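**Student:** Test case, fold it:
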Amino acid sequence: MQKNNHEHTAALYFDGLTNFRDFGGYATTDGKKVRKGFLFRSDELSKLSRTDMARMDQIGFKLICDLRTETEQKSNKSRMLNQGVEVQNLTMQDKSQEFTRLEFIRYLIRHGKDIDFEQTMKDMYHHMGTGSKSTLQKLFTLLSEKEKFPVLIHCTGGKDRTGFIVAIIQLFLGIPYESVIEDYLHSNICIGPRMKKAEKLIRLMSFYRVPAERIRPMLEVKRDYLEDVLEGIMSRHTNIEGYLKNECGVSQQHLERFKEVVLE
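**Tutor:** Model prediction:
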């Protein structure tokens, strides 16, 4: 099933996106299937070409959920604004984690040698698991409305915030755990070349004080990033539905309606 899903998404080629894909098409553990053409994920939408815009029109998106911070939204404006598509800003990171490019360069120069980027990523995922309640509540409320589909969920790289949200959605729908992990890790294949360039740029910005292997954890997805946060959630709840209802405040009605729309 995994292979077929990625073959399906390979046909959806964009000039200005590296991590775009349909995350439907999977069989669920209770014998159903997630519809294709309803749920999509990607990186940010500021570099869409004219051809890309035509492709987006062809898919016919009704709702775009932007998980980026206000700073990110301002510095890389989505080309899908004012295109007749509903765009919802569902910011996922707390304000303390917002950096402008200049601030990030300064931070790298001053602290680059001391930063444990892997721990930074794990802290960020932990924060997503405990601090995204209102975002998940709003998202699942939106996903309960049939007229909002097809839906596109994205952040900047489409790998971490989007990866976490997509994993929660897929697990809730009953997609097998290993398929969810594989779909999450597929971002590394999609963004590999782009992250190589980013790695060189970050090393240059830090005046080569930070070695490549130190930076890499920030530029890739790792199984334990996602598993650690999922284990934390499952230690507090019996399943993802319990997390969404009891911790995030999503109503049973909204959850049921979402399943009705996307499962066949």
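**Student:** going forward, measure contacts between C-alpha atoms and count neighbours the same way
**Tutor:** OK.
**Student:** quick one: contacts of stretch 42-59?
**Tutor:** 14-21, 37, 76-80, 150, 152-159, 162 (CA atoms under 8 Å, 6 or more residues apart in numbering).
**Student:** Which PyMOL command selects the buried ones in those?
**Tutor:** Selecting only the buried entries of the contacts of stretch 42-59 in PyMOL, with 16 or more other CA atoms under 10 Å as the criterion:
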select buried, resi 14+16+17+18+19+20+21+37+78+80+150+152+153+154+155+156+157+158+159+162
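**Student:** quick one: low-confidence parts of the stretch 101-250 of the chain?
**Tutor:** Residues of the stretch 101-250 of the chain that meet the criterion pLDDT under 70 lie in 101-114, 192-193, 195-196, 198-199, 202-203, 205-215.
**Student:** Show me where it has its strands.
**Tutor:** 151-154 (DSSP state E, counting those that start in this stretch).
**Student:** Now do the helices in it.
**Tutor:** Assigned by DSSP state H, counting those that start in this stretch, the helices in the stretch 101-250 of the chain fall at 101-111, 117-131, 133-143, 161-173, 177-205, 212-215, 223-236, 240-242.
**Student:** winner for burial among the ones you listed?
**Tutor:** helix 161-173 (a mean of 22; mean count of other CA atoms under 10 Å).
**Student:** what's the angle from it to helix 133-143?
**Tutor:** Put simply, helix 161-173 runs at 60 degrees to helix 133-143, going by axes from the mean of the first three to the mean of the last three CA atoms, to 10 degrees.
**Student:** Contacts made by helix 161-173 with the rest, please.
**Tutor:** 23, 28, 34, 41-42, 67, 92, 125, 128, 136, 153-155, 177, 180-181, 184, 226, 240-241, 259, 263.
**Student:** Any idea how far it is from the middle of the chain?
**Tutor:** 8 Å (CA atoms, centre = their mean, to the nearest Å).
**Student:** Just the CA trace of that helix, in CSV.
**Tutor:** Extracted C-alpha coordinates of helix 161-173, given in CSV (Å, rounded to 0.1, in the frame of the first residue of the first chain):
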residue,chain,number,x,y,z
ARG,A,161,4.6,20.4,12.1
THR,A,162,2.8,19.0,9.0
GLY,A,163,4.3,15.6,9.7
PHE,A,164,3.0,15.6,13.3
ILE,A,165,-0.5,16.8,12.3
VAL,A,166,-0.8,14.2,9.4
ALA,A,167,0.3,11.4,11.7
ILE,A,168,-2.4,12.3,14.3
ILE,A,169,-5.0,12.4,11.5
GLN,A,170,-3.8,9.1,10.0
LEU,A,171,-3.7,7.3,13.3
PHE,A,172,-7.2,8.6,14.2
LEU,A,173,-8.5,7.3,10.9
